[in-house]
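**Student:** let's see this in three dimensions:
(one chain, ligands or ions: 1)
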Amino acid sequence: MTRPAPAIVVLGNGSLATARKIQQLFPDALIHGLTERVEGADRVYHEFGATLRELYQQDTPIIALCAAGIVIRTLAPLLLEKGAEPPVLAVAEDGSAVVPLLGGLGGVNVLAREIAAALEVAAAITTSGELRFGTCLLNPPSGFALGDLELGKRFVSDLLAGETVRIEGSAPWLAQAQLPEDPSARLAVHVGHAERTPAANELLIYPRNVAVAVSAGVVDMQQSIRDALHREKIAVQSVALLLAAEREMANPALREAALELGVPLRFASGADAVGELARNAIAEPVSIFGDETIAFAVAEQPLDPLSIGRPRGRLAVIGLGPGAAELMVPAVKAELARANDVLGYETYVRMAGPFRADQVLHCTDNREEMQRARHAFELAAQGRSVVVVSSGDPGVFAMAAAVLEALHESSDAAWHNVDLDILPGVSASLATAAQAGAPLGHDFCVMSLSDNLKPWSIIEKRLDLAAQADLALAFYNPISRSRPWQLGRALEIVAQHRLPETPVVLGRDIGRPGQTLRVTTLGQLTPDQVDMRTMVLVGSSTTCVFPRVDGGVWVYTPRWYDNKP
Ligand code: SAH
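**Tutor:** Residues are numbered from 1 along each chain as shown. Next up, the predicted model:
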């Protein structure tokens, strides 16, 4: 897995100039600025601690423009947990100091040197091995994997104690390191893909130069692959990718096996025998062995999995929530970060940004939903990672149903093979209700008042029955220029079953700039108080209102229901 671009976190306008200089080094990095203190950041955050911890847990490299102590104290509670350890650096506001703090094995010193060079200062490198040899032996470049970290640490401390070292195998990057090389040394760095029990005096580094081609029919795939690797004396750490036939793309055993091996899963077509499949898919010369269910292709140099075959395409239909970034679920943020293509109504696509230069945005009119859904499948079927954006929740009067309808209507196997996921969001009714208190705290009914996709007679019938059933009501799409009279009629129907004092909540642009929340009553509500950006919540017979200490009111519907009408 490649790491996301670093996050540059700033607390005040004073550090923006330094932040921008650093951003020039990493064009995909976003500047995160504290709300109301920083102008012109790419992302705003409200709470420094929560933001830093979230970035850390998502394995995002962090460049914090503040005191090292603040960063240490903030991340300290997370450090005992095993898991992600992205590079973390503190940089002085004025750019005069660059301090790598965490992520020694994730390349923090490399980052620190790059940033320090751009700021024309020296990085505060404190890692002895790094200082002595100019590189971290335990963090080989991509395409190579370290055998064992604990043994590696011993090895480096022996070297630091003054021992010399031999290099066996091809390790081009070590040529630049200032290692005390000696052909007769006791210590050896051994680079190779053969399975090997490390000797006490050896640092094993595996080139990732092996492709495993597998047929989806293999029983107990993970174990079978490991057994076959062992038979062929190939180290599991040297596996660069798992390769399978395109027609087997949706097979979950393949996905699990790749996940367990920790390698990308790629697909190729044009051959039935797995050995041939690998030979056709890999451009460089490889030697191939194995049988008709599991074959190995071994190259001289590390393989670049991304240049071999293609991945299974992915389509995620995501909900942004009402608008505010902190109400977006983390899975949705991660999905946006991995997307190649983003499709949706322009307003929502813009709300989902900012995006990197390599991400393709496809903005369309709000009404072209089926066309958008089909376009999303076309892109995903090519192996791309595609996101379709909805506001709120994608399953509530939004794109998820349109995407499933498009798939249901299609007989294209490539569409059905796409890895499809629906990721939820906070729907407008829930976001509005939360701000007002708990007006939907008991049974409630959610309706769209739009008669674009359903006959008005159905809407009237449902309104009548839901009002009769004394459900609290949440109206989406309450009114628009092309549907001017419908809301008035809907309120007439509700009023036949509810008292004029029934509380009504109007939430407009909730979670977005300029949001408003109004509490009124059914008797006072008129359609001109409502527009298409408004959520209308109508209480049931038990919904009540009481003053808040700050001058507003709380609205809630009790959880119980006794003998009230
Ligand atoms: N999928 C969305 C709803 C889309 S229908 C969701 O789950 O929220 C669009 C309607 O939702 C609008 O007409 C409005 O009634 C309501 N809506 C969407 N976002 C809103 C917001 N931020 N504030 C208030 N109402 C909103």
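**Student:** could I get the full set of helices for the stretch 51-200 of the chain?
**Tutor:** 68-79, 108-119, 128-133, 149-160 (DSSP state H, counting those that start in this stretch).
**Student:** pick the most buried one from these.
**Tutor:** When the helices of the stretch 51-200 of the chain are scored by mean count of other Cβ atoms under 10 Å, the highest mean neighbour count falls to helix 108-119 (a mean of 20). Backbone N, C-alpha and C define where each C-beta goes, glycine included.
**Student:** near the closest residue to Thr521 other than its chain neighbours, how many other residues are there?
**Tutor:** Closest residue in space to Thr521, ignoring its immediate chain neighbours: Glu501 at 5.4 Å, by Cβ to Cβ, 6 or more residues apart in numbering. For Glu501, the neighbour count with other Cβ atoms under 10 Å is 13.
**Student:** hmm, Glu501 is touching Leu522, no?
**Tutor:** Yes. When contacts are counted by Cβ atoms under 8 Å, Glu501 is listed as touching Leu522 (7.5 Å).
**Student:** who does the one residue in the chain that gets nearest to the ligand form a beta bridge with?
**Tutor:** Nearest residue of the chain to the ligand (Cβ to the nearest ligand atom) works out as Gly392 at 2.0 Å. Per DSSP bridges, the residues bridged to Gly392 are Gly321.
**Student:** in what helix or strand does the most centrally placed residue in the chain lie?
**Tutor:** For the chain, the residue sitting closest to the mean C-alpha position, by Cα atoms, centre = their mean, is Ala334 at 0.8 Å. Element membership for Ala334 (DSSP states H and E) is helix 330-338.
**Student:** show me the contacts for the residue nearest to Thr521.
**Tutor:** Thr521, Leu522, Gly523 (Cβ atoms under 8 Å, 6 or more residues apart in numbering).
**Student:** and if you look at Leu204?
**Tutor:** Leu146, Gly147, Asp148, Leu151, His190, Arg196, Pro198.
**Student:** remind me what the helix or strand of the chain with the lowest mean pLDDT packs against, helices and strands.
**Tutor:** Lowest by mean pLDDT, DSSP states H and E among the helices and strands of the chain is helix 128-133, with a mean of 78. Judged by 3 or more Cβ pairs under 8 Å, 6 or more residues apart in numbering; DSSP states H and E, helix 128-133 is in contact with helix 149-160.
**Student:** and the nearest residue to Ala41 once chain neighbours are set aside, how far is that from Arg462?
**Tutor:** Nearest non-adjacent residue to Ala41, counting by Cβ to Cβ, 6+ apart: Gly33, 2.7 Å away. From Gly33 across to Arg462, the span is 46 Å (Cβ to Cβ, to the nearest Å).
**Student:** neighbour count: the two, which is higher?
**Tutor:** Between Gly33 and Arg462, counting by other Cβ under 10 Å, Gly33 is the more crowded of the two (24 against 15).
**Student:** doesn't that one fall inside a helix?
**Tutor:** No. Per DSSP: H, G, I helix; E, B strand; the rest coil, Gly33 lies outside any helix segment and is strand.
**Student:** is it bridged to anything, and to what?
**Tutor:** In this entry, Gly33 is beta-bridged to Val10, Val44, by DSSP bridges.
**Student:** Ala316 too?
**Tutor:** Beta-bridge partners for Ala316, by DSSP bridges, are Val387, Asp421.
**Student:** of the contacts of Glu501, which belong to strands?
**Tutor:** Thr521 (DSSP state E).
**Student:** the contacts of Glu501: which ones sit near the ligand?
**Tutor:** By Cβ under 6 Å from any ligand atom, no member of these lies near the ligand.
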